[in-house]
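**Student:** Give me the fold of what follows.
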Amino acid sequence: MEKILTIVVPSYNAEKYLQDNLDSFCIEELLSDIEVLIINDGSTDRTVHIAESYVQTYPDTYKVINKENGGHGSGINCGIQHASGIYFKVVDADDWVDPDAFRRLVDALRQKPADVVYSGFLWAYDEGQEKKEQYATKAEMAVPFEGVVYGKVYEFDEVAPSLYMKMHNMTIRTEILRQNGIRMDEKCFYVDTEYITYPIPYVQTICFVEGHVYRYRIGRQGQSVGMEKMQQYENHYDRVMASLLNFYEKLGNEIPCTAPRKRYIAGIIARVAAGKIKIMLSFPGSSQKKKELRMFDEHLRTHYPEVYYGNINKAITLLRKSRYWLYGPVSGLVRRKYR
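**Tutor:** Residues are numbered from 1 along each chain as shown. The predicted structure is shown next:
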């Protein structure tokens with residue numbers, strides 16, 4: 001039977017979380033419609049043993065692919081290569097899905113409605129509670145955009161000005177990823193943004209499913225989105241930023257792309273640029289850091305004006321309006337916030 005959905009679970013030393021993740025897909029009436037690819041990225045703990053236990057119980061649904069360690073992007077790339085489902089979704093090993101909302105998503109996918117199917121997600125705050133059901137949760141966005149009609153198929157260009165889609169929201173046709181050679185940087189953090197950006201020129205239609213399917217665990221020790229880790233891996237952030245800008249330069253030239261989709265992509269890259277500025281502000285203030293920040297921002301303004309003016313961060317707007325005279329106070333505020 002043809003699989004409706006491939007779920008890719010990039011997994012590296014995930015023994016503490018993987019069972020919660022894989023259990024969330026064990027929904028009897030859906031097992032024949034989905035495949036779950038656990039990409040074991042060179043783990044040295046019990047990750048592969050946990051994964052194999054699901055393969056033994058549900059051999060037609062769960063599969064383990066073992067590979068050398070290559071990072072999150074490598075796991076996604078491997079998943080794209082091996083996926084057999086009509087649609088493709090990434091669910092990280094420390095995250096999970098809500099069963100009821102996941103049923104609604106798969107029900108929608110059976111209709112093969114659009115190139116991308118968007119569903120909601122909740123932040124799940126892991127503060128050491130015994131059970132994940134005890135985690136406080138919060139929706140980053142209550143609805144995708146004001147006036148959304150769930151189940152309606154939209155032209156992507158029609159809703160692009162109102163939309164911001166993260167990895168946790170996105171379920172996409174597998175053929176879009178495979179036929180257009182979509183690949184993420186390997187051995188690199190922060191490639192989620194590449195994953196949600198590179199397919200956009202090829203996306204014609206999108207529809208929206210009501211409900212919060214994805215649960216994104218946040219607050220666990222060592223998470224790459226923590227400021228200390230972002231400082232430590234600033235070079236990874238720079239690498240992703242450079243890859244995104246290189247991709248942006250090709251739009252409308254090597255890569256056909258409509259104007260609304262190019263503006264949408266500029267907005268995504270503007271958010272990444274805001275993150276880069278936030279990292280730079282989080283270091284102790286110095287004339288050198290201030291100079292580097294101004295050079296980075298001026299480079300965007302000169303060479304990528306649509307990215308530069310796509311900024312929606314109020315602190316960065318204030319910093320620019322002050323011609324960076326407020327660098328010291330803003331840097332201090334950022335450091336206090338992430339202390």
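
**Student:** Which neighbouring elements make contact with the helix ranked longest in the chain?
**Tutor:** What stands out as the longest helix in the chain, according to DSSP state H, is helix 259-282. Contacts defined by 3 or more C-beta pairs under 8 Å, 6 or more residues apart in numbering; DSSP states H and E place helix 259-282 against helix 156-159, helix 192-197, helix 227-232, helix 234-250, helix 287-303, helix 305-308, helix 314-321, helix 327-337. (C-beta placed from N, C-alpha, C; glycine too.)

**Student:** for those helices, which one sits closest to residue 20?
**Tutor:** Residue 20 sits nearest to helix 192-197 of all these, at 20.2 Å, using C-beta to C-beta.

**Student:** Just the CA trace of the closest one, in CSV.
**Tutor:** The C-alpha coordinates for helix 192-197 follow below in CSV (Å, rounded to 0.1, in the frame of the first residue of the first chain):
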residue,chain,number,x,y,z
ASP,A,192,15.9,24.2,9.9
THR,A,193,15.8,27.5,8.1
GLU,A,194,17.4,26.0,5.0
TYR,A,195,14.7,23.3,5.1
ILE,A,196,11.8,25.7,5.2
THR,A,197,13.4,28.1,2.6
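
**Student:** contact partners of it?
**Tutor:** Applying C-beta atoms under 8 Å, 6 or more residues apart in numbering, the external contacts of helix 192-197 come out as 72-73, 76, 90, 165-167, 170, 182, 184-185, 240, 243-244, 247, 265, 268-269, 271-272.

**Student:** same deal with stretch 50-59?
**Tutor:** 11, 15, 18-19, 22, 26, 31, 36, 38, 40, 61-64.

**Student:** Sort out for me which of the residues you listed are in helices.
**Tutor:** 18, 19, 22.

**Student:** Checking the residue nearest to the last one when sequence neighbours are not counted next. Helix, strand or coil?
**Tutor:** To tie it back to what came earlier, the one meant is residue 22. Counting by C-beta to C-beta, 6 or more residues apart in numbering, residue 22 lies nearest to residue 54, which is 5.1 Å off, once chain neighbours are set aside. Taken by DSSP: H, G, I helix; E, B strand; the rest coil, the conformation at residue 54 corresponds to helix.

**Student:** Run a quick neighbour tally on residue 54.
**Tutor:** 21 (other C-beta atoms under 10 Å).

**Student:** Any of the contacts of stretch 50-59 buried? List them.
**Tutor:** 11, 15, 18, 22, 36, 38, 40, 61, 62, 63, 64 (16 or more other C-beta atoms under 10 Å).

**Student:** okay if I get these as TSV plus pLDDT?
**Tutor:** Listed next are those as TSV, based on pLDDT from 0 to 100:
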residue	pLDDT
11	98
15	97
18	98
22	98
36	98
38	98
40	98
61	98
62	98
63	98
64	98
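
**Student:** what's the burial count for the nearest residue to residue 267 once chain neighbours are set aside?
**Tutor:** Leaving out its chain neighbours, the residue that sits closest to residue 267 by C-beta to C-beta, 6+ apart is residue 310, at 4.6 Å. A total of 20 residues lie near residue 310 under the criterion other C-beta under 10 Å.
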